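In: need a structure here:
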Amino acid sequence: MGHDGKSPRAPRCIALVGPYQSGKSTLLEAILARTGGSAKPIGGEANGGSGSEAAPDLKRKSGSTLAVGSTTFMDEVYTFIDCPGSMEFIHDMRAALPVVDAALVVCEADERKIPQLQIILRELEDLQIPRFLFLNKIDKANQRVRDVLAALQPASRTPLVLRQIPIWAGESVSGFVDLALERAFVYRDQQPSEVIDLQGNDLDREKEARFTMLERLADHDDRLMEQLLEDIAPPRDEVFDNLAKELREGQICPVLFGVATRSNGVLRLMKALRHEVQGMAETAKRLGIGKDAGSLAYVIKTVHQQHGGKLSIGRVLSGHFEDGSAVHSSGGSVGKISGMSSLSYSGKRAVIETGELACFGKLDAIRTGETITTAKATPASLADVEPYPGALSVTIAASDRKDDVKLGQAIARLCEEDPSLTVIQDPRTHEAVLWGQGEMHLRQALERLRDRFSVAVVSRPPTIGYQEAIRKAVTRRGRHKKQSGGHGQFGDVLLEIEPLPRGSGFEFHESIVGGAVPKNYIPAVEEGVIEALKRGPLGFQVTDIKVTLVDGSFHTVDSSDLAFRTAAWTGLSEALPECHPVLLEPIFNVEIFCPTDATAKVNAILSGRRAQITGFDTREDWNGWDVVRASMPEAEIRDLIVELRSATAGAGSFVRQFDRMAEVIGRAADQIVAAHRSAA
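Out: Below you'll find the predicted structure:
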């Protein structure tokens, strides 16, 4: 099948997005059932494998992964990308959005989910992606749709324009009136809706609601405004043209409704998508792709198969790709396609055309978010989607040390599949720390290491970066003398130990005169000092300390580097308990972003976590959101995201930055030291 991106036969790609458990997957199932389409995990069928074999972890699982459905409606092909709704898995959505033609935002009349809805709508607004809002579960609505819309409007910077009004049968919704089409429909379970005549109160409501819709459209159309002022009924075709134009230009967000579990409203939704969503040509224009761009595709997801290598899932935005083609990426990498399959059509393909979503096999050097081309040149990057900073972490290690190399390879693949996971090697503790977006996100990552990559791991909370410092200066001699058969060991040093200002670290000096300690042994003295500072009297590394070698003695035969290193270690280890050691803990500056109605809860959470609130403000350009700034100990930040998400219906987030080390005193210090000793 050939198409050039302008033809209506080029597949249109629609993202299904919305808050967690709003019914996105159910709506996709209803669309596919009514139109004869099919769903598949996004792994596809490259190299002849089935979708489920290619990527078993990408089957829909608790709203945490992408899924794809494709269908034909009125002779046109549609590819739906069902995106996770949980904020912990939002990166998959963000990575896919740049290349879709439009988004279908699924939500419900639940004010608790408005902050999540706002986050999702903002992503779409910033990317200038045309969007519909589908108000699901209309059968459970206990208030007027107009009131629901008024409650949802603060989540959108674009006007929400009601395209339908409900027909009520007692306390339940039995159908709807299409305000653009001026027709009324009664729902039939799992069947097309039945057209009925409008009369009485429903007819009056339709006229009022339609005029309100036209008024909103007239805000951006002078001709329509003149027609309304002169009481002239605009032609229906012009109304549809206005809806399509203002949707495409991001001036409105049309609102439709239905019940996904009963397939109510599905066909009317599909007709709206067909008539009003532009195709690949408009998307290419939005992305800055010229008509002479050649073959371009954008990678939205990477999958490592258990038996079959790497798959790069991308949408062809211009031209076409052939199996075996060499490609260059915006990241500077080169690869060769080995096996392709289409997620917009069925099965393995030799050629992937414009508009199709596809799996490209064996592009090992290509990463998610890169643009690829068959031209022998590095293409420009079409989008830059940076993952959100990690919010929760665990240390991970192979259960069996012989699997260390295997674990390293598995982690690299895991983070390549999901760039919102990161692994940092802590240089102080030598721990591998896995950062994710929350508790469920990390739990799933560990399951994938075990089930997909066959690596058993142990995990635990990361070690907090406690240190200790001293308050008192002390001078102490360190002496090491050992005599046995043959040469003995002799080293003798006199050390001055002083506290330094907080944040100074460690300084070593020497003021030896007269060769009391030969120059060649002074580096060994410093080594012994550094070794002794690794574990102070409280059990932690000692910092903000100055050690000066002021005197000593040596033996011409028995002195050695080892003897002086041992003498320095002994002297400092014995001196530190007399220096009045104090415990230090890392303090971070934290910015918390939360809905305004949850700010009081957030303040209470911070107060219970030894935080000092340092500032508060409304979040710039975010209607109904606040920013709370605080200074917090690292230990109190460790699982902050879990409590924060609970208090904000899953929408809250934070960023942190190290500020300083601060003393811990009293009972808190005693508890930390005791816990550390018992763990050791």
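
In: What part of the chain, helix or strand, is modelled with the least confidence?
Out: Least confident element among the helices and strands of the chain, by mean pLDDT, DSSP states H and E: helix 51-54 (a mean of 32).

In: following that helix, which helix or strand comes up?
Out: Elements were assigned by DSSP states H and E; along the chain past helix 51-54, the next helix or strand is strand 67-73.

In: List the contacts of that next one.
Out: Contacts of strand 67-73 with the rest of the structure, by CB atoms under 8 Å, 6 or more residues apart in numbering, involve 11, 25, 28-29, 31-32, 35-42, 58-60, 77-82, 270, 274, 343-346, 357. All C-beta spots, glycine's among them, are computed from the backbone N, C-alpha and C.

In: one more time with 6 Å
Out: The set of residues external to strand 67-73 that reach it, using CB atoms under 6 Å, 6 or more residues apart in numbering, is 28, 32, 35, 37, 39-40, 42, 60, 78-82, 270, 343-344.

In: Could you list the residues in contact with the longest helix belonging to the chain?
Out: Secondary structure assigned by DSSP state H gives helix 200-218 as the longest helix of the chain. Helix 200-218 is touched from outside by Pro159, Val161, Ile165, Val177, Leu179, Leu198, Leu224, Met225, Leu228, Asn242, with contacts defined as CB under 6 Å, 6+ apart.

In: report the longest strand in this structure, please.
Out: Taking residue count as the measure and DSSP state E as the definition, the longest strand of the chain comes out as strand 581-595.

In: The residue nearest the centre of the chain - nearest residue in space that isn't next to it in sequence?
Out: When the chain is reduced to its mean C-alpha position, the nearest residue by CA atoms, centre = their mean turns out to be His91, at 3.7 Å. Once flanking residues are discounted, His91 sits nearest to Ser420: 3.8 Å by CB to CB, 6 or more residues apart in numbering.

In: List the residues that contact the one you found.
Out: The contact partners of Ser420, taken as CB under 6 Å, 6+ apart, are His91, Pro387, Gln437.

In: Same list, those, but as TSV with pLDDT and secondary structure please.
Out: As requested, those are arranged in TSV below (pLDDT from 0 to 100; DSSP: H, G, I helix; E, B strand; the rest coil):
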residue	pLDDT	secondary structure
His91	96	helix
Pro387	95	coil
Gln437	97	coil
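
In: Throw those into CSV and include distance to Ala611, thanks.
Out: Conversion of the contacts of Ser420 to CSV gives the following (distance: CB to CB, whole Å):
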residue, distance to Ala611
His91, 28
Pro387, 26
Gln437, 21
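
In: Can you tell me which of those residues is nearest Ser295?
Out: Taking CB to CB as the measure, His91 is the one of the contacts of Ser420 closest to Ser295, at 26.9 Å.

In: The closest one and Pro387 touch, don't they?
Out: Yes: with contact defined as CB atoms under 6 Å, His91 counts as touching Pro387 (5.3 Å).

In: quick one: average confidence on stretch 265-276?
Out: Across stretch 265-276, the average pLDDT comes to 94.

In: Can you give me the buried ones in that stretch?
Out: Along stretch 265-276, these residues count as buried under the neighbour rule (16 or more other CB atoms under 10 Å): Gly265, Val266, Leu267, Arg268, Leu269, Met270, Ala272, Leu273, Glu276.

In: need the contact list for the second one.
Out: Pointing back at Val266 there. For Val266, the contacting residues are Ala30, Ile31, Arg34, taking CB under 6 Å, 6+ apart as the criterion.

In: Can you give me the pLDDT of the second one?
Out: In other words, Ile31. pLDDT for Ile31: 95.

In: For stretch 559-576, what is the distance to the chain centroid?
Out: Counting by CA atoms, centre = their mean, to the nearest Å, stretch 559-576 is centred 50 Å from the centre of its parent chain.

In: Send over that stretch as CSV, restricted to the C-alpha atoms.
Out: Once side chains and other backbone atoms are set aside, the C-alpha atoms of stretch 559-576 remain, and they are given as CSV (Å, rounded to 0.1, in the frame of the first residue of the first chain):
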residue,chain,number,x,y,z
SER,A,559,61.6,2.2,59.1
SER,A,560,59.4,1.7,56.0
ASP,A,561,56.3,3.1,54.2
LEU,A,562,54.2,0.4,55.9
ALA,A,563,55.5,1.4,59.4
PHE,A,564,54.8,5.1,58.9
ARG,A,565,51.4,4.4,57.4
THR,A,566,50.5,2.3,60.4
ALA,A,567,51.9,4.8,62.9
ALA,A,568,49.8,7.6,61.3
TRP,A,569,46.7,5.4,61.3
THR,A,570,47.2,4.5,64.9
GLY,A,571,47.8,8.0,66.1
LEU,A,572,44.8,9.5,64.3
SER,A,573,42.5,6.6,65.3
GLU,A,574,43.4,7.1,69.0
ALA,A,575,43.1,10.9,68.8
LEU,A,576,39.7,11.2,67.1
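
In: Low-confidence ranges, the protein, go.
Out: Under the criterion of pLDDT under 70, the regions of the chain flagged as low confidence span 1-9, 40-63, 485-486.

In: what about the strands in the stretch 101-250 of the chain?
Out: For the stretch 101-250 of the chain, strands defined by DSSP state E, counting those that start in this stretch occupy the ranges 102-107, 131-135, 160-162, 164-169, 172-178, 183-188, 191-196.

In: Distance to Gly314 and mean neighbour count added to those, as JSON lines?
Out: Rendered in JSON lines, the data for the strands of the stretch 101-250 of the chain read as follows (distance: least, CB to CB, whole Å; neighbours: other CB atoms under 10 Å):
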{"stretch": "strand 102-107", "distance to Gly314": "18", "mean neighbour count": "26"}
{"stretch": "strand 131-135", "distance to Gly314": "22", "mean neighbour count": "25"}
{"stretch": "strand 160-162", "distance to Gly314": "32", "mean neighbour count": "21"}
{"stretch": "strand 164-169", "distance to Gly314": "35", "mean neighbour count": "20"}
{"stretch": "strand 172-178", "distance to Gly314": "36", "mean neighbour count": "20"}
{"stretch": "strand 183-188", "distance to Gly314": "38", "mean neighbour count": "18"}
{"stretch": "strand 191-196", "distance to Gly314": "35", "mean neighbour count": "14"}
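
In: Need those in JSON lines (columns: distance to His441).
Out: Conversion of the strands of the stretch 101-250 of the chain to JSON lines gives the following (distance: least, CB to CB, whole Å):
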{"stretch": "strand 102-107", "distance to His441": "22"}
{"stretch": "strand 131-135", "distance to His441": "26"}
{"stretch": "strand 160-162", "distance to His441": "31"}
{"stretch": "strand 164-169", "distance to His441": "37"}
{"stretch": "strand 172-178", "distance to His441": "37"}
{"stretch": "strand 183-188", "distance to His441": "38"}
{"stretch": "strand 191-196", "distance to His441": "40"}
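
In: nearest to Gly331, of those?
Out: Within the strands of the stretch 101-250 of the chain, the stretch nearest Gly331 is strand 102-107; the backing value is 26.3 Å (CB to CB).

In: what sits up against that closest one?
Out: Strand 102-107 is contacted by residues 14-18, 22-24, 27, 117, 124, 129-134, 136, 277 when judged by CB under 6 Å, 6+ apart.
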